[in-house]
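Enquirer: Okay, here's the prediction I keep looking at, along with the sequence it came from:
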Amino acid sequence: MAKWGEGDPRWIVEERPDATNVNNWHWTEKDATPWSKDKLKSLLSNLVIKDEATSAKCTITDIDKLEGEAVANNRKAKLIFFYEWTIDLNWTGTVGESGEEIKGKVHIPNLSEENDPREVDVEVTVSTSGNEADKLKEFMRKTGAKKIREQMTTYIATLKEEFSQGMILPKKEETTKAAVNKTNVTSRVFTPVQSKETKGLGVKIETTTLKDELNFKCTVNELYNALTIPEMVQAFTRGPIKMDVEKGGKFSFFNGFVCGSFVDIVPNEKLVQKWRLKSWPDEHYSTVTFTFKDKGDSADLIVHQTGVPTSNLEETKQGWHRYYWESIRQTFGFGAPIL
């Protein structure tokens, strides 16, 4: 697997040719407020929440209030984020056969770095009374609040990854490849471990199967989103990605060291991918099946991977745990109990 700390420019005391914040030692601050307002508006405006079983459907029509601020700081090559927002949303919805339009509001008083996204208060009110109004209020209080918190999670993930790009400076002789990684919140880089033996096309490859079962302290939907929403994948992989989530759609993570395509997608139930590491024999792909299981207070993920080159089994196993599962837990707080 990847080697940690080799040639990490942030811990080498040397001069930069531009004499700018040598070794990233000094505190630098970047205002994220305008960017955050645009991002929050794009995530919340026209957000649709619906449930086919009850025919309930609500839409966030507009943002009535968006007050607060956000900043990103770099100190000794460590990125620190501060944000605090108060948000008021207007929504309309319908339920049942009457088609009567119900209006209401959502108040979010405490979106900040002090609270896990799942702890953010989502207060729902309606402007009228009656049976349908009560049903929609309860629908928004449960299903709507969950969807809104998911959007808050996406905002935080993109703030830490997308907005922070360029804040950690490279050393003067850093190569182009390393420069791509300079935006990482940590020094985590998925580095290929080249096999001692070169295997070309047409060579018989001995393969094996990798199986694993993991538990995450989150809902199945949150875990599914972490593996399929590009902003969330970019957050836990700590770098630029390419990802087209549809059957036949391709993906590329860790500067191309992991790549493949989607074979089958069943939201919140199953994902099937053609998947390979760059260090594997040319054009050889494994098949990975992710199966999601709801455990009530947590979510199980069953991983079944066939076609793994036997010589790369340990490398692959370690990579899944270090760069996928532990990173997902640390990035999104999926190691903590659901509240």
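Expert: Looks like it arrived, so ask away. This is a predicted model, so every value here is computed, not measured. Numbering: from 1, shown residues only.

Enquirer: Geometric centre of the chain: which residue is closest?
Expert: With the centre of the chain defined as its mean C-alpha position, the nearest residue by C-alpha atoms, centre = their mean is Met232, 1.4 Å away.

Enquirer: Settle this for me: that residue is touching Ser327, isn't it.
Expert: No: if you go by C-beta atoms under 8 Å, Met232 and Ser327 don't touch, sitting 11.2 Å apart. C-beta here means a position set from N, CA and C on the backbone, and glycine is covered the same way.

Enquirer: still on that earlier bit, and the residue nearest to the centre of the chain, which of the three is it?
Expert: Look at Met232: counting by DSSP: H, G, I helix; E, B strand; the rest coil, its state is helix.

Enquirer: Packing partners of the strand ranked longest in the chain?
Expert: Of all the segments assigned as strand in the chain under DSSP state E, the longest by residue count is strand 56-75. Counting by 3 or more C-beta pairs under 8 Å, 6 or more residues apart in numbering; DSSP states H and E, the packing neighbours recorded for strand 56-75 are strand 28-31, helix 33-44, strand 48-51, strand 78-94, strand 102-112, helix 131-139.

Enquirer: Which residues does the third one contact?
Expert: This means strand 48-51. Here strand 48-51 makes contact (C-beta atoms under 8 Å, 6 or more residues apart in numbering) with Ala56, Lys57, Cys58, Thr59, Ile60, Phe139, Met140, Thr143, Gly144, Lys147.

Enquirer: Partner strands of that strand, with direction?
Expert: Taking DSSP bridges as the criterion, strand 48-51 pairs within the sheet with strand 56-75 (antiparallel).

Enquirer: List the buried residues of the partner strand.
Expert: Buried residues in strand 56-75, counted by 16 or more other C-beta atoms under 10 Å: Ala56, Lys57, Cys58, Ile60, Ile63, Leu66, Gly68, Ala70, Ala72, Asn74.

Enquirer: What is the nearest of the residues you listed to Ser36?
Expert: For the buried residues of strand 56-75, the closest approach to Ser36 (C-beta to C-beta) belongs to Ala70, at 4.3 Å.

Enquirer: Quickly list what the closest one is bridged to.
Expert: Beta bridges link Ala70 to Tyr83 when assigned by DSSP bridges.

Enquirer: can you check Met243 too?
Expert: The residues paired with Met243 through beta bridges, assigned by DSSP bridges, are Phe251.

Enquirer: residues in contact with it?
Expert: Going by C-beta under 8 Å, 6+ apart, Met243 touches Pro230, Val233, Gly249, Lys250, Phe251, Ser252, Phe253.

Enquirer: if we go to 10 Å?
Expert: Residues touching Met243, when contacts are defined by C-beta atoms under 10 Å, 6 or more residues apart in numbering, comprise 228-231, 233-234, 237, 249-253, 262.

Enquirer: How confident was the prediction at it?
Expert: At Met243 the predicted local confidence, pLDDT, stands at 94.

Enquirer: Report the separation between it and Cys259.
Expert: When C-beta to C-beta, to the nearest Å is applied, the distance between Met243 and Cys259 equals 10 Å.

Enquirer: Name the residues contacting each of the two.
Expert: Common contact partners of Met243 and Cys259 (C-beta under 10 Å, 6+ apart): Lys250, Phe251, Ser252, Phe253.

Enquirer: Pretty sure Ala70 sits against Thr158.
Expert: No: Ala70 is not in contact with Thr158 according to C-beta atoms under 10 Å; the separation is 11.5 Å.

Enquirer: Between the helices and strands packed on strand 56-75, which one is closest to Val266.
Expert: Val266 lies closest, by C-beta to C-beta, to one member of the helices and strands packed on strand 56-75: strand 48-51, at 18.5 Å.

Enquirer: mind saving the C-alpha coords of that closest one as PDB?
Expert: The C-alpha coordinates for strand 48-51 follow below in PDB (Å, rounded to 0.1, in the frame of the first residue of the first chain):
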ATOM      1  CA  VAL A  48     -37.700  18.100  -3.500                       C
ATOM      2  CA  ILE A  49     -38.700  15.700  -0.800                       C
ATOM      3  CA  LYS A  50     -41.200  13.000  -1.600                       C
ATOM      4  CA  ASP A  51     -42.600   9.700  -0.500                       C
END
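
Enquirer: Phi and psi next, for Gly239.
Expert: According to degrees, to the nearest 10, the main-chain angles of Gly239 amount to phi -180, psi 170.

Enquirer: quick one on the thing from earlier: can you add mean neighbour count and give the helices and strands packed on strand 56-75 back as TSV?
Expert: TSV is the format used below for the helices and strands packed on strand 56-75 (neighbours: other C-beta atoms under 10 Å):
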stretch	mean neighbour count
strand 28-31	14
helix 33-44	16
strand 48-51	15
strand 78-94	18
strand 102-112	18
helix 131-139	18
